[in-house]
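Novice: sequence plus the predicted model coming up.
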Amino acid sequence: MSADVLRVRAPATSANLGPGFDCAACALALWNELEVEPADATAVSISGEGAGELPDGPENLALRAFALLAPVEGRRFRFANRIPLARGLGSSAAAVALGLVAGARAAGREAGAEDLLALGVALEGHADNLAAALAGGVCLAWEEGRPLLARVADAPPLEPVALVPATRVDTAGARAALPGLVRHGDAAFTAGRAALLGAAVAACDPDLFAAALADRLHEPYRETNAPLLAAVRAELPAGARGATLSGSGPSVIVWADRAGAEECAAELSVRFPSELVLRPGAAHEGAVQHSGA
């Protein structure tokens with residue numbers, strides 16, 4: 001391959017992790033890839049997820065992110081997408097991360113994940129997803145004058161098994177379903193579980209992690225458009241310790257013991273034959289330039 005070809009990949013992400021609403025996310029080893037090379041005129045091609053659907057002009061989200069750091073003119077962009085669209089698995093965060101990392105490399109600029117997060121969060125809109133897509137592992141994101149992130153672990157204490165329906169959910173619509181006010185008891189319950197979630201991830205403790213997955217801030221209001229969550233929780237598969245809505249849904253992450261993840265995935269495939277079951281595993285790295293080897 002020519003030395004002029006730049007190759008970048010970015011992972012899927014699952015945000016919120018139950019009570020970690022708008023702040024906690026983990027990277028999943030399901031990758032979108034981008035190749036950038038010089039060309040006589042700007043050109044975009046997309047294969048896989050979103051082919052024939054995603055924009056192939058300057059309004060493309062990855063190109064908009066790239067343009068924050070380097071000109072898109074005179075370059076060819078080839079996307080190979082594996083992350084399902086509008087399923088709560090961070091496809092837009094991966095697109096922004098691809099563009100940011102590729103743009104920084106094209107500009108010869110050294111930029112860390114937190115610098116790129118600050119540049120790209122206005123495009124993505126969800127700092128938690130973008131943080132995990134850029135840094136990999138399990139991340140926390142928050143605002144303090146600017147978006148900040150902390151990468152707290154290489155992987156969550158339990159293995160993610162994704163149950164992905166064919167139906168899609170509009171993120172803006174899912175957020176609009178959330179109430180403007182919540183009861184003090186629900187806020188206290190979720191704050192306690194969120195603190196437990198952070199402790200569980202930092203300690204890599206699967207028992208604490210399983211105990212932390214309950215939420216009362218967002219999941220109860222999104223279950224109408226994500227019926228798989230209630231169905232899985234009503235009867236957890238063998239090997240599973242809990243389940244969370246992935247982002248705003250409709251995908252569900254079933255959290256399994258490492259030794260029981262295969263059995264868990266097999267049971268989900270039998271129980272939900274019309275849905276896609278994935279075992280992506282955790283992505284220890286975020287969006288990076290790579291050789292493609």
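Specialist: Right, received. Where do you want to start? All values reported here derive from a predicted model rather than from experimental measurement.

Novice: neighbours of Ser45, how many?
Specialist: Neighbourhood size, Ser45 [other Cβ atoms under 10 Å]: 12. Just so you know, the C-beta spots here come from the backbone N, C-alpha and C atoms, and that holds for glycine as well.

Novice: retrieve the pLDDT associated with it.
Specialist: pLDDT, Ser45: 97.

Novice: give me the three-state assignment for it.
Specialist: strand (DSSP: H, G, I helix; E, B strand; the rest coil).

Novice: how is the protein divided into domains?
Specialist: Following the assignment in automatic domain parsing, the chain carries domains at 6-154+282-289, 159-278.

Novice: what is the top strand by length along the chain packed up against?
Specialist: Scanning the chain for the longest strand, with DSSP state E as the assignment, gives strand 24-38. In terms of contacts (3 or more Cβ pairs under 8 Å, 6 or more residues apart in numbering; DSSP states H and E), strand 24-38 is packed against strand 6-15, strand 75-81, helix 91-106, helix 127-135, strand 138-143, strand 159-164, helix 184-203.

Novice: distance between that strand and the chain's centre?
Specialist: Computed by Cα atoms, centre = their mean, to the nearest Å, the chain-centroid distance of strand 24-38 equals 10 Å.

Novice: how about the CA coordinates for it, as CSV?
Specialist: The C-alpha trace of strand 24-38 is given here as CSV (Å, rounded to 0.1, in the frame of the first residue of the first chain):
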residue,chain,number,x,y,z
ALA,A,24,-19.9,6.6,31.4
ALA,A,25,-19.2,4.6,28.2
CYS,A,26,-17.1,1.7,27.1
ALA,A,27,-15.5,1.0,23.8
LEU,A,28,-16.5,-2.2,21.9
ALA,A,29,-14.2,-4.1,19.5
LEU,A,30,-16.5,-3.5,16.5
TRP,A,31,-14.6,-1.2,14.2
ASN,A,32,-15.4,1.3,11.4
GLU,A,33,-12.4,2.0,9.2
LEU,A,34,-11.4,4.9,7.0
GLU,A,35,-8.7,5.2,4.3
VAL,A,36,-7.6,8.7,3.1
GLU,A,37,-5.4,9.3,0.1
PRO,A,38,-4.6,12.1,-2.3
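
Novice: ok so, going back, tell me the most buried of the domains of the chain?
Specialist: Compared across the domains of the chain, domain 6-154+282-289 shows the largest average neighbour count, a mean of 21 (mean count of other Cβ atoms under 10 Å).

Novice: distance check, Asp22 against Ala212.
Specialist: 16 Å (Cβ to Cβ, to the nearest Å).

Novice: ah, wrong one, I meant Ala153
Specialist: The value you get for Ala153 to Ala212, if Cβ to Cβ is used, is 13 Å.

Novice: and what of Ala177?
Specialist: Noted for Ala177: a distance of 24 Å to Ala212, by Cβ to Cβ.

Novice: got a list of what Pro237 touches?
Specialist: Contacts here follow Cβ atoms under 8 Å, 6 or more residues apart in numbering; on that basis Pro237 touches 254, 256, 263-264, 267-268, 271.

Novice: at 10 Å instead, please
Specialist: Contacts for Pro237 (Cβ atoms under 10 Å, 6 or more residues apart in numbering) come out as 161, 163, 243, 254, 256, 260-261, 263-272.

Novice: helix, strand or coil for the closest residue to it other than its chain neighbours?
Specialist: Of all residues not flanking Pro237 in the chain, Glu267 sits nearest, at 4.0 Å (Cβ to Cβ, 6 or more residues apart in numbering). Of the three states, Glu267 takes helix under three-state DSSP.

Novice: got any ranges where the stretch 1-150 of the chain has weak pLDDT?
Specialist: 1-3 (pLDDT under 70).

Novice: the residue nearest to Pro237 against Pro273, yeah?
Specialist: No - with contacts counted by Cβ atoms under 10 Å, Glu267 stays clear of Pro273, the gap being 11.6 Å.

Novice: shared neighbours of those two, anything?
Specialist: Residues touching both Glu267 and Pro273 by Cβ under 10 Å, 6+ apart: none at all.

Novice: and the helix or strand Ala65 falls within, what does it pack onto?
Specialist: Assessed by DSSP states H and E, Ala65 sits inside helix 61-67. Contact here means 3 or more Cβ pairs under 10 Å, 6 or more residues apart in numbering; DSSP states H and E; on that basis helix 61-67 packs against strand 6-15, strand 24-38, strand 43-48, strand 75-81, helix 91-106, helix 113-124.

Novice: ok, back up a step: tell me who's in contact with the residue nearest to Pro237.
Specialist: Shown in contact with Glu267 (Cβ under 10 Å, 6+ apart): 161, 235-240, 254, 260, 277.
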